[in-house]
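1. After the sequence you'll find the predicted model.
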Amino acid sequence: MTPFTIKLLRALSALLLWAGAAGVIAGALSPWAAIKILKSVDLSVPGALFAQGGLCLAAGVLVLLGLRRSPLLCLIAAIYTLGWVHTATVEVPRRVKHQAIGAQLALFPINRLLDQFHINDLEISDWSRPNEELLAPGLDWTNKGALVLLFGGLIGLPVDPIALFIYKWTARAKCRHCGATWLKSRHAEFCPQCGHGTAPVDRWHCGVCHGDLGLKDKFCTHCGVVVVV
């Protein structure tokens with residue numbers, strides 16, 4: 001890659017990582033659940049009060065504090081955040097209904113007393129509502145922020161120092177003649193097993209006279225040698 005391409009990828013990745021982390025934090029601090037208590041009072045519960053929301057908030061803060069310097073680590077954080085959001089779509093309504101039922105049971109003695117005076121019972125919330133109606137927009141905002149974070153990590157992955165280090169010490173080259181493999185970090189110009197050169201074949205120029213070749217040429221039109229693919 002050219003220096004300009006590297007700078008462009010780093011700048012674009014940094015912008016997306018900032019925006020994604022900010023979106024995750026804003027989403028985690030926004031309502032994840034919206035319920036109506038006592039039939040008339042609207043109550044919104046921020047995502048940070050749920051286990052998954054707290055984890056998403058921590059991931060966004062870590063990215064802004066310095067994790068953004070490594071797109072690979074941000075990519076991992078984005079994948080985990082998407083997983084937490086997916087889990088929250090099931091766990092948040094379940095948790096809200098569980099708390100509502102617990103509060104309703106706690107009011108049972110009071111409701112028995114109200115019944116003696118023919119006064120309507122106190123009902124904390126309607127826990128028979130579908131789960132989708134209990135979810136608030138903050139969950140969707142967190143998910144969108146995580147997607148932006150994911151794209152930022154993917155774009156910056158080719159220039160990530162950790163990814164480059166891992167690639168350098170794990171990527172392997174393969175000999176096209178005998179199939180032997182070795183670490184690319186060795187920079188071998190000849191195969192350690194058969195001794196053939198490791199330079200890639202130039203399909204468009206003759207290996208002997210360097211004359212131009214056509215796509216379907218089997219012999220060089222300048223010196224007559226067989227074209228080796």
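-> Looks like it arrived, so ask away. Numbers count the residues shown, from 1 in each chain.

2. ok, which stretches of the chain are strands?
-> Secondary structure of the chain by DSSP state E: the strands cover 31-37, 41-46, 172-174, 181-183.

3. relative to strand 41-46, how tilted is the first one?
-> Comparing the axes of strand 31-37 and strand 41-46 via axes from the mean of the first three to the mean of the last three Cα atoms, to 10 degrees yields an angle of 160 degrees.

4. quick one: average pLDDT of strand 31-37?
-> Averaging pLDDT along strand 31-37 gives 84.

5. Please apply the same query to the second one.
-> Computed over strand 41-46, the mean pLDDT rounds to 82.

6. Restricting to C-alpha, output it in PDB.
-> C-alpha atoms of strand 41-46 as PDB (Å, rounded to 0.1, in the frame of the first residue of the first chain):
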ATOM      1  CA  VAL A  41     -46.700   7.200  34.800                       C
ATOM      2  CA  ASP A  42     -44.100   6.600  32.100                       C
ATOM      3  CA  LEU A  43     -40.800   5.200  33.300                       C
ATOM      4  CA  SER A  44     -37.700   4.900  31.100                       C
ATOM      5  CA  VAL A  45     -34.800   2.700  32.200                       C
ATOM      6  CA  PRO A  46     -31.300   3.500  30.900                       C
END
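
7. For that strand, which strands pair with it and how are they oriented?
-> Strand 41-46 sits in its sheet next to strand 31-37 (antiparallel), going by DSSP bridges.

8. what about the longest helix in this protein?
-> helix 71-106 (DSSP state H).

9. For Lys144, which residues are in contact?
-> Lys144 sits next to 23, 27 when contact means Cβ atoms under 8 Å, 6 or more residues apart in numbering. C-beta coordinates here come from the backbone N, C-alpha and C atoms, glycine included.

10. quick one, helices of the protein?
-> 3-29, 51-65, 71-106, 108-116, 131-134, 137-156, 161-170.

11. and Trp182, how many neighbours?
-> Counted with other Cβ atoms under 10 Å, residues neighbouring Trp182 total 16.

12. For Phe190, see how far away it is.
-> 11 Å (Cβ to Cβ, to the nearest Å).

13. Next: Leu9.
-> 33 Å.

14. So for the two, which sits in the more crowded spot?
-> Leu9 (18 against 12).

15. quick one on the thing from earlier: looking at the strands of the chain, which is buried most?
-> strand 31-37 (a mean of 20; mean count of other Cβ atoms under 10 Å).

16. by how many degrees do that one and helix 137-156 diverge?
-> 170 degrees.

17. Surely Ala163 is in contact with Pro71?
-> Yes: Ala163 lies in contact with Pro71 (Cβ atoms under 8 Å); the separation is 7.5 Å.

18. Touching both of those two, which residues are there?
-> Leu157.

19. neighbour-wise, which of the two wins?
-> Taking neighbours as other Cβ under 10 Å, Ala163 and Pro71 compare with Pro71 leading, 29 against 18.

20. just so I know, which of the helices of the chain lies nearest Asp42?
-> helix 131-134 (12.2 Å; Cβ to Cβ).

21. other SSEs contacting that closest one?
-> strand 31-37, helix 71-106 (3 or more Cβ pairs under 8 Å, 6 or more residues apart in numbering; DSSP states H and E).

22. Now do that helix, average pLDDT.
-> For helix 131-134, mean pLDDT rounds to 80.
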